[in-house]
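Student: Would you be able to build a 3D model of this:
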Amino acid sequence: MSEALRFDQVSFRYDDEQVVNHVSFSIAHGEVVCLLGPSGCGKTTCLRLAAGMEQPQAGTISLNGEVVSSADRLAPPETRHIGFLFQEFALFPHLSVYDNICFGLTHLSAGEQKARALELLKQVGLSGYADKFPNSLSGGEQQRAALARALAPSPKLVLMDEPFSNLDPQLRDRMRDLTLHLLKQVGAAGLVVTHDAADALRMADRIAVQVDGAILQIDNPETVYRHPASIDVAGMFGAVNLLKSDAGVQGFRPADVSLTGAADDFSFAGELVETRLMGADWLCLIKGEAGVGFEALLSGDTPPELGAHKFFVPQARLMLFKD
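Tutor: Numbers count the residues shown, from 1 in each chain. A predicted model of the protein is given here:
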């Protein structure tokens, strides 16, 4: 499968700060890759580099097999045929929804523009909204209009910067699913920048975890979640219990702990000191040996009994990190 985007040993610094550090990854046509990392890790700078808004000091960036960015070359953003979807929606307030969608369609005739815009409005569930202006739309409606505008010119690559962070949780889920559905439908590749693991797990074909400018691991969501390359990678997907062992540091997630298990399961003794209802599960705080604290998510209609217990973790759910 050919590549829509490739970063090859790309580095970028602001003044004396190394923001992007020898980053390499690729995105195939029709593939969605999420750059997942904490604030300030360099992921948005990678997106700006892909868009042509910044120029790397080292390495190359290629679109569809052609180098568009290097230390001595920078193809401008408007020549890259890329779609954009941002956190703040970035709709033109003085233009109607219809005119926002048609903004990048000047190469088409008026009739072709109308057909394309109306079809996209239908696909994003905004039929009948063509004449409305952005300030009259809800947040979710603005995001759907922005998605339609991003897809209107039929880009081969769509860059998305925290696109769902301004939406409430239920609407986020619907917008993630709609965005992914439309990207797959048109065969566009996607690069999603996010600090939210749920975005990455729900949307990505592959997840690239970035910390301090560098990519620590890139793989399919299940591998990155179940077999993280480091404690930093594991922590991007929620709480991890850590326990030193002779082989290094063992890690396991709260959801993988139970009060019953098989003979070959990993087990440890501890005192359950507190429970809190977290929807369908109970968040349990456990005091282990030498005062080490652990968390567990245990199911049940009633909270587990406080006091001493033996806890179990399946061997397949254990993570091992170098000390």
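
Student: make it CA atoms for all contacts and neighbour counts henceforth
Tutor: Noted.

Student: ok, residue 273 to residue 256 distance?
Tutor: In this view, residue 273 and residue 256 are 19 Å apart by Cα to Cα, to the nearest Å.

Student: pLDDT below threshold where in the chain?
Tutor: Where the chain drops to pLDDT under 70, the residues are 1, 89.

Student: What residue spans form the domains of it?
Tutor: Residue ranges for each domain of the chain read 3-231, 239-321, as given by automatic domain parsing.

Student: would you list those in JSON lines and tack on mean neighbour count?
Tutor: Below are the domains of the chain laid out as JSON lines (neighbours: other Cα atoms under 10 Å):
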{"stretch": "domain 3-231", "mean neighbour count": "19"}
{"stretch": "domain 239-321", "mean neighbour count": "16"}
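
Student: Surely residue 248 and residue 319 touch.
Tutor: No. Counting by Cα atoms under 8 Å, residue 248 does not reach residue 319; the two are 10.2 Å apart.

Student: Pull the residues that contact the host helix or strand of residue 27.
Tutor: Element membership of residue 27 [criterion: DSSP states H and E] is strand 17-28. When contacts are defined by Cα atoms under 8 Å, 6 or more residues apart in numbering, strand 17-28 is touched by residues 1-13, 33, 41-43, 45-46, 59, 189-191, 212-215.

Student: In PDB, please show the C-alpha coordinates belonging to that strand.
Tutor: Output of strand 17-28 as PDB, limited to C-alpha atoms (Å, rounded to 0.1, in the frame of the first residue of the first chain):
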ATOM      1  CA  GLU A  17      14.300  23.700  22.700                       C
ATOM      2  CA  GLN A  18      14.200  20.400  20.800                       C
ATOM      3  CA  VAL A  19      10.500  20.000  20.100                       C
ATOM      4  CA  VAL A  20      10.600  17.200  17.500                       C
ATOM      5  CA  ASN A  21      13.400  14.700  17.900                       C
ATOM      6  CA  HIS A  22      14.300  12.400  15.000                       C
ATOM      7  CA  VAL A  23      10.700  11.400  14.300                       C
ATOM      8  CA  SER A  24      10.000   8.800  11.700                       C
ATOM      9  CA  PHE A  25       6.600   7.300  10.800                       C
ATOM     10  CA  SER A  26       4.400   6.800   7.800                       C
ATOM     11  CA  ILE A  27       0.700   6.700   7.000                       C
ATOM     12  CA  ALA A  28      -0.700   4.600   4.200                       C
END
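
Student: after that strand comes which helix or strand?
Tutor: Downstream of strand 17-28, the first helix or strand assigned by DSSP H and E is strand 32-36.

Student: Residue 99 and residue 116, how far apart?
Tutor: Remark: distance between residue 99 and residue 116 (Cα to Cα) = 12 Å.

Student: And residue 227, by the same measure?
Tutor: Separation of residue 227 from residue 116 (Cα to Cα) stands at 43 Å.

Student: repeat for residue 228
Tutor: Distance, residue 228 to residue 116, using Cα to Cα: 43 Å.

Student: List of residues touching the helix or strand where residue 50 lies?
Tutor: Using DSSP H and E, residue 50 sits in helix 43-51. Outside helix 43-51, the residues within contact range by Cα under 8 Å, 6+ apart are 5, 19-20, 35-37, 54-56, 61, 69, 77, 80, 82, 159, 161, 191, 193-194, 210, 213.

Student: which residues of the stretch 101-250 of the chain fall in strands?
Tutor: 157-161, 189-194, 206-211, 214-219, 241-245, 248-252 (DSSP state E, counting those that start in this stretch).

Student: so who does the closest residue to residue 31 other than its chain neighbours touch?
Tutor: Spatial nearest neighbour of residue 31, excluding adjacent residues (Cα to Cα, 6 or more residues apart in numbering): residue 189 at 4.9 Å. Counting by Cα under 8 Å, 6+ apart, residue 189 touches 4, 27-32, 156-158, 183.
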